[in-house]
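# return a 3D structure for these sequence lines:
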Amino acid sequence: MTDDILNEAAVAAAWDRDAALWTEEVRAGFDFYRELYTLSAFLDFMPSIAGQQVIDLGCGEGTNTRRFAQRGGMMTGIDLSREMIQRARQKEAEEPLGIAYEVGSFNELSPFADEQFDCALSTMALMDSPNFPSAMRAACRVLKPGGILCFSILHPCFITPALQWLTNEEGAYQGLLVGRYFEEAPFAERWRFGRRPATAKLVAYDEPFEVPRFPRTLSGYVNAITETGFRIVKMEEPRPSEKLAREHAWLNRWYQHAPLVLFISAVKA
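Residues are numbered from 1 along each chain as shown. As a prediction, this is how the structure comes out:
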């Protein structure tokens with residue numbers, strides 16, 4: 001993947017390649033940030049969706065979509081990756097929750113009618129869009145008047161193209177150094193779930209994920225939301241709980257120094 005041609009086609013191709021390993025590791029519980037920190041905080045932040053028509057933007061292999069369905073939402077998921085959607089549909093066939101899945105772009109939402117949904121949710125996906133304003137326009141179109149958009153992203157002020165943890169001589173975290181905040185050139189990030197048990201035996205290939213990233217400033221996010229016709233009603237920068245911070249040094253650094261994620265909730269005017 002070359003950084004100078006990163007677009008939606010590159011995003012889809014990357015997640016298609018990553019789908020088998022991603023699904024295996026996520027469903028095995030190896031995404032510890034999600035399991036211990038970010039998803040539980042988002043479930044507390046999001047509105048009640050019981051009995052509502054809800055779309056999950058960038059649903060991936062459907063783990064979070066299923067959590068939303070268990071809260072009573074009548075769920076539809078959309079994702080660019082055919083391989084991810086295939087796995088989501090397979091899980092739905094095995095354990096039905098009434099979820100419909102579509103392959104497509106949340107920058108367009110072309111399979112869906114105007115004012116079809118009561119709520120649009122997205123967890124850690126919208127920051128991977130090469131055109132966030134288009135995603136906001138599409139979400140606004142498919143939401144009913146008064147409909148709610150609620151999403152999580154990596155915090156743009158702290159998860160920048162250049163970041164480094166500062167430690168003392170004993171290795172204790174002292175703070176977070178960030179850089180190149182205003183640089184919005186897309187790039188391909190290569191990483192793994194770093195706390196996967198060393199004894200885990202994987203069926204899929206064992207290589208780093210390769211994920212296109214599209215950095216934006218905080219004002220870029222906020223302005224795209226409000227200029228589309230949404231009114232922001234709530235923002236949150238969640239911390240891990242004190243208990244988790246005491247138990248895990250890798251979570252304590254986010255508790256002490258900076259938020260990893262940003263949550264935004266907005267209402268369609």
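
# just list the residues touching the residue positioned nearest the centre of the chain, thanks.
In the chain, the centroid-proximal residue (C-alpha atoms, centre = their mean) is M124; its distance is 1.0 Å. By C-beta atoms under 8 Å, 6 or more residues apart in numbering, the contact set of M124 is R34, T38, G58, S152, I153, L154, V261. (C-beta placed from N, C-alpha, C; glycine too.)

# that one and F42: what is the separation?
Separation of M124 from F42 (C-beta to C-beta, to the nearest Å): 9 Å.

# mutual contacts of those two, please.
S152.

# which strand or helix spans L21?
Assigned by DSSP states H and E, L21 belongs to helix 8-27.

# only alpha carbons, please: show that helix as CSV.
Listed next in CSV are the C-alpha coordinates belonging to helix 8-27 (Å, rounded to 0.1, in the frame of the first residue of the first chain):
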residue,chain,number,x,y,z
GLU,A,8,-11.8,4.4,-0.2
ALA,A,9,-10.7,1.6,-2.6
ALA,A,10,-7.4,1.3,-0.6
VAL,A,11,-9.4,1.3,2.7
ALA,A,12,-11.7,-1.5,1.4
ALA,A,13,-8.7,-3.5,0.1
ALA,A,14,-6.8,-3.1,3.4
TRP,A,15,-9.7,-4.3,5.5
ASP,A,16,-10.4,-7.2,3.1
ARG,A,17,-6.8,-8.3,3.7
ASP,A,18,-7.1,-7.8,7.5
ALA,A,19,-10.6,-9.4,7.8
ALA,A,20,-9.6,-13.0,8.7
LEU,A,21,-7.1,-12.1,11.4
TRP,A,22,-9.0,-9.2,12.7
THR,A,23,-12.2,-11.2,13.1
GLU,A,24,-10.3,-14.0,14.8
GLU,A,25,-8.5,-11.8,17.3
VAL,A,26,-11.5,-9.5,18.1
ARG,A,27,-13.8,-12.4,18.7
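
# centre of the chain to whichever helix or strand comes after that helix, how far?
Counting by DSSP H and E, the next helix or strand C-terminal to helix 8-27 is helix 32-33. The chain centre lies 13 Å from the centre of helix 32-33; the measure is C-alpha atoms, centre = their mean, to the nearest Å.

# mind giving me the packing neighbours of the next helix or strand after helix 32-33?
Heading C-terminal from helix 32-33, the first helix or strand you meet, by DSSP H and E, is helix 39-45. Counting contacts by 3 or more C-beta pairs under 8 Å, 6 or more residues apart in numbering; DSSP states H and E, helix 39-45 is packed against helix 63-69, strand 143-154, strand 230-236, strand 261-268.

# out of the ones you listed, which is closest to A19?
Checking the helices and strands packed on helix 39-45 against A19 by C-beta to C-beta gives helix 63-69 as the closest, at 12.6 Å.

# count of neighbours near the nearest residue to E236 once chain neighbours are set aside?
The shortest distance from E236 to any non-neighbouring residue, by C-beta to C-beta, 6 or more residues apart in numbering, is to F263 (4.3 Å). Residues lying near F263 (other C-beta atoms under 10 Å) number 22.

# K243 now?
9.

# let me know the average pLDDT across whatever helix or strand it lives in.
In this assignment (DSSP H and E), K243 forms part of helix 242-247. The average pLDDT within helix 242-247 is 96.

# who's in contact with that helix?
Helix 242-247 is contacted by residues L36, Y37, R239, L251, N252, Y255, Q256 when judged by C-beta under 8 Å, 6+ apart.

# lovely, talk soon.
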